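In: sequence first, then the predicted structure, then my questions.
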Amino acid sequence: EMQRHYELTIQPRIGPGANDAREGLVLNRVIRYTTEGIEYEADPRQAEKLIRECGLEGSNSVCTPSVRESTAQVAEDKPLEDRLHTAYRASTARANYLAADRPDLQYPAKEVCRWMSKPTTNSWASLKRMTRFLGGLPRLVFTYPWQTVDAVDVYVDTDWAGCPRTRRSTSGGCVMLGAHAAKTWSSTQAG
């Protein structure tokens with residue numbers, strides 16, 4: 001019934017069987033079945049596109065995806081030129097999409113998304129820093145070895161008024177199913 005209304009690609013089942021595939025794509029995310037467990041990889045093309053959109057091909061990578069703004073940087077910040085707003089928003093949206101599968105990008109993507117309505121020179125610099133980080137680590141493959149789950153652990157933390165502009169806090173955390181990260185998040189607390 002769906003094929004009558006939508007263009008569909010039907011791939012073989014992924015699994016251990018003789019006729020099962022060992023690798024497949026789900027919304028361009030790569031899923032692999034191995035003898036050790038399951039592997040999951042975010043769409044590798046999104047990082048490449050983001051690097052290209054920001055004009056940072058071949059740039060030096062950085063070891064952290066973000067840095068905290070100082071009070072002096074906040075005071076010197078200026079609105080981004082109007083001609084760069086569309087490019088900023090498009091690249092920020094791509095970073096946000098990629099962050100759904102990359103816990104290392106969740107905080108910096110959240111931060112640059114906060115300035116989509118009124119981008120600034122500092123928010124553009126933050127987006128470029130995150131993109132330079134991706135230049136050094138363009139791929140992230142989660143490995144989920146076979147396990148017996150003994151417990152579900154939840155880890156949370158907050159930075160207590162960490163934003164130098166708004167004094168809002170960021171909460172973050174992860175849910176661990178045994179040794180596997182099942183869910184991660186980073187969000188700005190309301191008022």
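Out: Ah, there it is.
In: buried residues in stretch 181-191?
Out: In terms of neighbour count (16 or more other C-beta atoms under 10 Å), stretch 181-191 has its buried residues at Thr184, Ser186, Thr188. Placement of C-beta: from N, CA and C, glycine included.
In: export these as TSV, with columns for pLDDT, distance to Val67 and secondary structure.
Out: Output for the buried residues of stretch 181-191, formatted as TSV (pLDDT from 0 to 100; distance: C-beta to C-beta, whole Å; DSSP: H, G, I helix; E, B strand; the rest coil):
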residue	pLDDT	distance to Val67	secondary structure
Thr184	95	21	strand
Ser186	93	15	strand
Thr188	90	17	strand
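In: mind checking the SS state of the nearest residue to Arg167 once chain neighbours are set aside?
Out: Spatial nearest neighbour of Arg167, excluding adjacent residues (C-beta to C-beta, 6 or more residues apart in numbering): Ala161 at 4.5 Å. Secondary structure, DSSP: H, G, I helix; E, B strand; the rest coil: Ala161 is coil.
In: verify the stated contact: Ala161 with Ser169.
Out: Yes: the criterion here is C-beta atoms under 8 Å, and Ala161 meets it with Ser169 at 5.6 Å.
In: what about stretch 99-106, how long is it end to end?
Out: End-to-end distance for stretch 99-106: 5 Å, by C-alpha to C-alpha, to the nearest Å.
In: in the protein, which spans are strands?
Out: 23-26, 29-33, 37-41, 141-145, 152-158, 170-177, 180-188 (DSSP state E).
In: centre of the chain versus the second one, how much separation?
Out: Remark: strand 29-33 is offset 17 Å from the chain centroid, using C-alpha atoms, centre = their mean, to the nearest Å.
In: can you name every helix or strand that that strand contacts?
Out: Applying 3 or more C-beta pairs under 8 Å, 6 or more residues apart in numbering; DSSP states H and E, one finds that strand 29-33 contacts strand 23-26, strand 37-41.
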